[in-house]
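1. Output the structure for:
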Amino acid sequence: MNGRPSIRDLEQTLNVTLLELKASKALCDCFISERDDHETEIRSIIFMNTKLKVELANVVVKSNDLTDRRDNLQVLVNEMDCRNEYEQSLLQI
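-> Residues are numbered from 1 along each chain as shown. Got it, this is the predicted structure:
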């Protein structure tokens, strides 16, 4: 031999390289599919997160409204208690 690879050796090397390339492509396709699935899942999570943020904002508004109503009612109750005490004081005189 003269140190040069034979055609058969080159063909074998080429076939091995082709198999490696096919395996690499299959793995790449698998990764792309997983990436697409994850992107879809992330979009869904972002949508749900946005929806929950809106819902939470509505709950905060309602909570603030109820707190204001409670405070107003408490003022009325306190005024009524004062009137009752005043009336009781008048009755004792």
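
2. what about residue 60, distance to residue 67?
-> The gap separating residue 60 from residue 67 is 10 Å, by CB to CB, to the nearest Å. In this view, the C-beta of every residue, glycine as well, is placed from N, C-alpha and C.

3. Okay, now the unreliable bits of the protein?
-> Applying pLDDT under 70 to the chain picks out residues 1, 86, 90, 93.

4. can you pull out the helices in it?
-> 7-92 (DSSP state H).

5. Identify the residues contacting residue 48.
-> Residues near residue 48 by CB atoms under 8 Å, 6 or more residues apart in numbering: none.

6. Distance of it relative to residue 2?
-> Counting by CB to CB - residue 48 and residue 2 are separated by 69 Å.

7. next one: residue 68
-> 97 Å.

8. cool, residue 79 as well?
-> In terms of CB to CB, residue 79 sits 113 Å off from residue 2.

9. cool, and residue 9?
-> From residue 9 to residue 2 the distance is 13 Å (CB to CB).

10. can you check residue 81 too?
-> With CB to CB as the criterion, residue 81 and residue 2 are 114 Å apart.

11. again with residue 18
-> Counting by CB to CB, the gap from residue 18 to residue 2 is 27 Å.

12. Same check on residue 13?
-> Applying CB to CB to residue 13 and residue 2 gives a distance of 18 Å.

13. Which one's more surrounded, these two?
-> Each of residue 13 and residue 2 has its neighbours counted (other CB atoms under 10 Å); residue 13 has more, 11 against 3.

14. which residue sits closest to that one, ignoring its sequence neighbours?
-> residue 5 (7.5 Å; CB to CB, 6 or more residues apart in numbering).

15. The one you found - how many residues pack around it?
-> 11.

16. quick one, phi/psi of it?
-> Main-chain dihedrals, residue 5, degrees, to the nearest 10: phi -70, psi 150.

17. what's the spacing between residue 65 and residue 82?
-> For residue 65, the distance to residue 82 - CB to CB - is 26 Å.

18. No further queries at this time; thank you.
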